[in-house]
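Undergrad: predicted model and sequence below, questions to follow.
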Amino acid sequence: MEFSEEQVLLRNTVRRIVAERVAPRAAETDETGEFPWETVKLFFDAGLMHLRIPAEYGGHDESMVTVCMVIEEVSRADLSAATLLAMAATHVEPLRVAGSHEQKQFCFGKILEGDLTCISITEPGAGSDAAGIQTRALLKGDSYILNGRKLFASNGGVASLYFIFASTSPEKRGKGISCFFTEKGAPGLTVGREENKMGTRATNVTELILEDLALPRENLIGEEGRGLHLALATLNLARLTAASQGVGLASGAMDYAIDYARQREQFGRPIAEFQGLQFMFADMATSIEAARCLTFDAARKMDVGDPDVIKGAAMAKCFATDVCMQAATDAVQVLGGYGYTKDHPVERMMRDAKLLQIYDGTNQIQRLIIGRELLK
């Protein structure tokens, strides 16, 4: 992938920010599990939280190739920090696809002022089966009344702006789902339990409880019954951000393991000189480069509107995140006993990597998507 001069300048800027401000705090935020407000401000000040907001509304309107490039760089050092950028890029997709001018003006304006977003699709009975959403949105007069319980809401406890998917016509299943937006503090919107996670511990993931949450008609994004279409468009984009996270984390884990192997001596010489480890590094590097190529190819397809992007994004997400899990596991193996301790970042990277195989559609679901697209 050849980047433009502007993209290279942006990548170098992000690389410097990560080295100076993000990487030194990664272990601390993982240990404490505290939400990294300092990193949020850093990313807002650098304009990295506005990459997918259209230029006419004050954003940068960057390509997905650029977005994936930036996320990969941050993921090399801290997946939790990179997740902030991934969410910023994906959460605005329903607005970009179907929002009215007034909705875009209001919501994008809030984000540009520094507000975080939350998108909420998943429920206790609707994970991989997004069409199984049970949260009900009943139209009464000029308002929709929402009732239900949401799980795994990213930024659920820290967001100021929420995009919530609910069923307006339960009998239609997927064709009866709609998308709404609301703000923090709306009567009837309560943040529930925060999840105690294995990895990406500095991210905020909660349940949301909706009890007679009244939203005016103006808060419906797009048309009634088009919510599943918006959710799938959002998830398609999210697969690319997850793939770029996988490429970045895998690269960071491999680089750390190689540096360690050059310094660690056993049997009178650096362990990097042993053929067994060299073969391991060769496999890691080859798989990571293949994952990177898949990811940027799918990002390019999304930028030009190629319909093959559905298959391409699923392939990139599935392959890159599997590669990431293997690379992080192998990095721990290279460090041996030290890799199993919190004194080195590969332990954290291994825990973080597991999430990428699960969220935004498990890799089993990605394989179903790939197969379906091949057989069309």
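TA: Arrived safely.

Undergrad: could you look up the SS state of residue 243?
TA: Here residue 243 is helix, with the state taken from DSSP: H, G, I helix; E, B strand; the rest coil.

Undergrad: got the contact list for it?
TA: Neighbouring residues of residue 243 by C-beta atoms under 8 Å, 6 or more residues apart in numbering: 68, 291, 294, 295, 298, 313, 316, 317, 319, 320, 321. Every residue, glycine included, has its C-beta placed from N, CA and C.

Undergrad: isn't the last one right up against residue 242?
TA: Yes: at 6.1 Å, residue 321 and residue 242 qualify as touching, with contact defined as C-beta atoms under 8 Å.

Undergrad: which of the two has more neighbours?
TA: Per other C-beta atoms under 10 Å, whichever of residue 321 and residue 242 has more neighbours is residue 242, with 33 against 30.

Undergrad: one step back: any residues in contact with both of residue 321 and residue 242?
TA: Common neighbours of residue 321 and residue 242, counting by C-beta under 8 Å, 6+ apart, are residue 356.

Undergrad: can you show me the helices along the protein?
TA: Read by DSSP state H, the chain holds these helices, from start to end of the chain: 5-17, 26-32, 37-45, 64-75, 79-90, 93-98, 101-112, 227-263, 275-304, 309-335, 346-356, 363-374.

Undergrad: Throw those into TSV and include mean pLDDT and distance to residue 123, thanks.
TA: Below are these laid out as TSV (pLDDT from 0 to 100; distance: least, C-beta to C-beta, whole Å):
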stretch	mean pLDDT	distance to residue 123
helix 5-17	97	35
helix 26-32	97	28
helix 37-45	98	27
helix 64-75	98	27
helix 79-90	98	19
helix 93-98	97	17
helix 101-112	98	23
helix 227-263	97	12
helix 275-304	98	27
helix 309-335	98	22
helix 346-356	98	19
helix 363-374	97	16
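
Undergrad: mind putting the ones you listed into TSV with distance to residue 149?
TA: Supplementary listing: these in TSV, determined by distance: least, C-beta to C-beta, whole Å:
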stretch	distance to residue 149
helix 5-17	37
helix 26-32	28
helix 37-45	27
helix 64-75	30
helix 79-90	21
helix 93-98	21
helix 101-112	24
helix 227-263	17
helix 275-304	32
helix 309-335	27
helix 346-356	22
helix 363-374	22
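
Undergrad: between these, which one is closest to residue 129.
TA: helix 363-374 (9.6 Å; C-beta to C-beta).

Undergrad: tell me what the closest one is packed against?
TA: Using 3 or more C-beta pairs under 8 Å, 6 or more residues apart in numbering; DSSP states H and E, the elements in contact with helix 363-374 are helix 309-335.

Undergrad: and the helix it packs on with helix 64-75, angle?
TA: Inter-element angle recorded for helix 309-335 and helix 64-75: 20 degrees (by axes from the mean of the first three to the mean of the last three C-alpha atoms, to 10 degrees).
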